[in-house]
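Q: need coordinates for the below:
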Amino acid sequence: MNFPTISDPTFYSALSAKQEGFAGAHIRAICSSLGCGVAKPEPDDDKLDFTISSKVRGKVINKPKIDVQSKCYLVHSPLPTEQQDFGYQVDLELYDSLRDVMVASPRLLVVTLVPYNCDAWIKYTNETTSLSFCSYWISLRGMPSLPEGQQSKTLRIPKANIFSATFLHEAMQGTADGQDLFAAKGPTDE
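A: Predicted coordinates:
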C-alpha cells in the first residue's frame, strides 16, 4: 500500500513546512533507533533545529550532544550510484554558525533528499514503513570565513556521509572520547 494521494496537498500545509517536518522525521527515526534524545532549541535563534543527546560514556566526557541544522532538498530521483557528492547552497549566516569552533557541541548540517512528488515520500505495508530518499551530513567546523561581500556558499556534500544509526553511534562515542571528528576536511565547495 502506498501513501494515499491527496487531491489538494496544500490544504494541509505549504511544501516548505512539509519538507521541514519530513527531514525532522528522518533525523528522529535514526535517533530513536539508538535511543538518543532529540530536542528543539527554543528560541530557534542560532541556526539549529535539533540537539541530539545520548547516554554514551566516554574517556573525556559522558552524555555528549550534537547540534543539527536540518534541511530538505527536492530531487528528481535518488543520487546515481556513480555520483560521489552533491551540491547544496547555504547562506552566510548559516555558514558562519556551522563553522564556529568555539561552540561546546559539534554542529552538523543534515540534508534530507526527497522526491518532488510528495506522495512518494513515504511508503508502507503491513511489514514496513519506508522514508524516501536519504539524509546526508557535513561538518563545516573550522572552515574559513567567506570573502567580503559573498553572501552564500555551495557546499559539496559527500554521498558517503549518510546520516545513519552507525554514523550517529560513532559520532557520539568519538565525541565522548574527545576525538575531533568534525573538523572540516578538504574542499567542501564548488
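
Q: partner strands of the longest strand seen in the chain and their direction?
A: Criterion DSSP state E: the longest strand present in the chain is strand 65-75. Strand 65-75 has its sheet partners listed here by DSSP bridges as strand 50-53 (antiparallel), strand 107-115 (parallel).

Q: need those in JSON lines (columns: mean neighbour count and mean pLDDT).
A: For every residue, glycine as well, the C-beta is placed using N, CA and C. Below are those laid out as JSON lines (neighbours: other C-beta atoms under 10 Å; pLDDT from 0 to 100):
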{"stretch": "strand 50-53", "mean neighbour count": "20", "mean pLDDT": "97"}
{"stretch": "strand 107-115", "mean neighbour count": "22", "mean pLDDT": "95"}
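
Q: need those in TSV (columns: distance to residue 17).
A: Output for the strands paired with strand 65-75, formatted as TSV (distance: least, C-beta to C-beta, whole Å):
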stretch	distance to residue 17
strand 50-53	16
strand 107-115	13
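
Q: the next helix or strand after the longest strand of the chain: which residues count as buried?
A: Using DSSP states H and E, the helix or strand that follows strand 65-75 in sequence is strand 85-91. Using 16 or more other C-beta atoms under 10 Å as the test for burial, strand 85-91 gives 85-86, 88, 90.

Q: next: stretch 138-149.
A: Using 16+ other C-beta under 10 Å as the test for burial, stretch 138-149 gives 138-141, 143.

Q: sticking with the closest residue to residue 86 other than its chain neighbours, tell me its helix or strand.
A: Among residues not flanking residue 86 along the chain, residue 157 sits closest, at 5.7 Å (C-beta to C-beta, 6 or more residues apart in numbering). According to DSSP H and E, residue 157 maps onto strand 152-158.

Q: got the phi/psi numbers for the closest residue to residue 55 other than its chain neighbours?
A: Excluding the flanking residues, the one nearest residue 55 by C-beta to C-beta, 6+ apart is residue 63, at 5.9 Å. According to degrees, to the nearest 10, the main-chain angles of residue 63 amount to phi 60, psi 60.

Q: contacting residues for residue 63?
A: Each residue near residue 63 by C-beta atoms under 8 Å, 6 or more residues apart in numbering is listed here: 53-57, 176.

Q: so how far is the longest helix along the chain from its chain's centroid?
A: For the chain, the longest helix by residue count, based on DSSP state H, is helix 15-34. Distance, stretch centre to chain centre, for helix 15-34: 9 Å (C-alpha atoms, centre = their mean, to the nearest Å).
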